[in-house]
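Visitor: Starting from these lines, generate the structure:
(4 chains)
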Protein chains: 2
Amino acid sequence: MGTHSLDLTFAALADPTRRAILSMLLEDDMAVTDVAEPFDMSLAAISKHLGILAAAGLIAQEKRGRVKWCKLEPDALRAASVWMQSFGQFEAVNLDAFEAFLAHELAADPDAD
Amino acid sequence: MGTHSLDLTFAALADPTRRAILSMLLEDDMAVTDVAEPFDMSLAAISKHLGILAAAGLIAQEKRGRVKWCKLEPDALRAASVWMQSFGQFEAVNLDAFEAFLAHELAADPDAD
DNA sequence: ATAATCGTCAACCATTTGGTTGAATATGCG
DNA sequence: CGCATATTCAACCAAATGGTTGACGATTAT
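Guide: Numbering: from 1, shown residues only, chains lettered A, B, ... in the order given. Sure, this is the predicted structure:
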């Protein structure tokens, strides 16, 4: 998982409008115009935000007819999540061992934290 | 856990220099000058990066004598992780437990990486 | 006391970011 | 065809970002 894609992912997540868009897309796939509707902002601005989310791999966009549908694409979020879990030391650790450790932790004390 | 602090957290994480600093601090607390040493960048620039990390709550800085020590402060990362969990697709992670695990990994296999 | 070290501050610069507007490009509808 | 709808493009703008350098205050060492 490259440094560059983490740059894009975190930068994309740093904007509240974009996080709100992701939350909206969690409920359903949406057309660009419908994504833009609740925001006090031009359609072009929302289109740019969607482009940034797509470039980061956080959403996918598919054009059907004249409508461009936007859907959540969780892989990039997952990658960022993994980085946060490992603090960038991901390559230094044995992931299988970590997953086993994590499973054990959660099973042993699911209410921890 | 407001929107503003998530802005700061993700924006801070979006820079590879700052993520590298966090990784360094995972191993040990460090003085500002020592944080700066491996980077091809002025001390002032690193000082700014550390200020951004501190403003985001990702690190804490404590001045002892003329040396300012930097230590990891995992709460903000935890908040960002919680936000990601709101997407429902990410396992909850006990960060403290992970740090213990990682310390053990590094102690057992210091040449990894 | 003088000098070296630690770190920040202030001013500056180039680039990026987040927004605007108006024109342009598809696509669908009557 | 002719018009409305969906979306992007291009040019522009203000503000933020990431870096530099040199001066500075505070602390420690000789």
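Visitor: Kindly state the beta-bridge partners for the spatially closest residue to residue A:31 that is not a sequence neighbour.
Guide: Nearest in space to residue A:31, with sequence neighbours left out and distances taken as C-beta to C-beta, 6 or more residues apart in numbering or on different chains, is residue A:67 at 4.7 Å. For glycine as for every other residue, the C-beta is placed from the backbone atoms N, C-alpha and C. With DSSP bridges as the criterion, residue A:67 is bridged to residue A:64.
Visitor: got a pLDDT number for residue A:67?
Guide: With respect to pLDDT, residue A:67 has a value of 98.
Visitor: How about the secondary structure of residue A:48?
Guide: helix (DSSP: H, G, I helix; E, B strand; the rest coil).
Visitor: ugh, typo on my part, it should be residue A:41
Guide: Per three-state DSSP, residue A:41 ends up coil.
Visitor: Next, the buried residues of the one helix or strand residue A:24 maps to.
Guide: Element membership of residue A:24 [criterion: DSSP states H and E] is helix A:16-27. Burial within helix A:16-27, assessed by neighbour count using 16 or more other C-beta atoms under 10 Å in any protein chain shown, is assigned to A:18-19, A:21-22, A:24-25.
Visitor: Contacts for the helix or strand following that helix, please.
Guide: Next helix or strand after helix A:16-27 toward the C-terminus (DSSP H and E): strand A:30-31. With contacts defined as C-beta atoms under 8 Å, 6 or more residues apart in numbering or on different chains, strand A:30-31 is touched by A:24, A:67-70.
Visitor: can you do 10 Å?
Guide: Strand A:30-31 has contacts (C-beta atoms under 10 Å, 6 or more residues apart in numbering or on different chains) with A:21, A:24, A:36-37, A:50, A:59, A:64, A:66-71.
Visitor: Adding distance to residue B:44 as columns, could you present these in a markdown table?
Guide: Output for the contacts of strand A:30-31, formatted as a markdown table (distance: C-beta to C-beta, whole Å):
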| residue | distance to residue B:44 |
| --- | --- |
| A:21 | 36 |
| A:24 | 41 |
| A:36 | 41 |
| A:37 | 45 |
| A:50 | 37 |
| A:59 | 38 |
| A:64 | 52 |
| A:66 | 51 |
| A:67 | 50 |
| A:68 | 44 |
| A:69 | 47 |
| A:70 | 41 |
| A:71 | 44 |
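Visitor: got any ranges where chain A has weak pLDDT?
Guide: A:1, A:85-113 (pLDDT under 70).
Visitor: That one against DNA strand C: which residues are in contact?
Guide: For chain A, the contact set with DNA strand C under C-beta under 7 Å from any atom of the strand comprises A:11, A:14-15, A:17, A:40-42, A:44-45, A:48-49, A:52, A:64-66.
Visitor: Which of those residues are buried, as a ChimeraX select command?
Guide: With 16+ other C-beta under 10 Å as the criterion, this ChimeraX line picks the buried residues out of those:
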select /A:11,14,15,49,52
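Visitor: Residue A:37: neighbouring residues, count only.
Guide: 12 (other C-beta atoms under 10 Å in any protein chain shown).
Visitor: Can you tell me how far it is from residue A:73?
Guide: Applying C-beta to C-beta, to the nearest Å, the value for residue A:37 to residue A:73 is 22 Å.
Visitor: Can you tell me which residue is spatially central in chain A?
Guide: Centroid check for chain A by C-alpha atoms, centre = their mean gives residue A:77 as the closest residue, at 3.6 Å.
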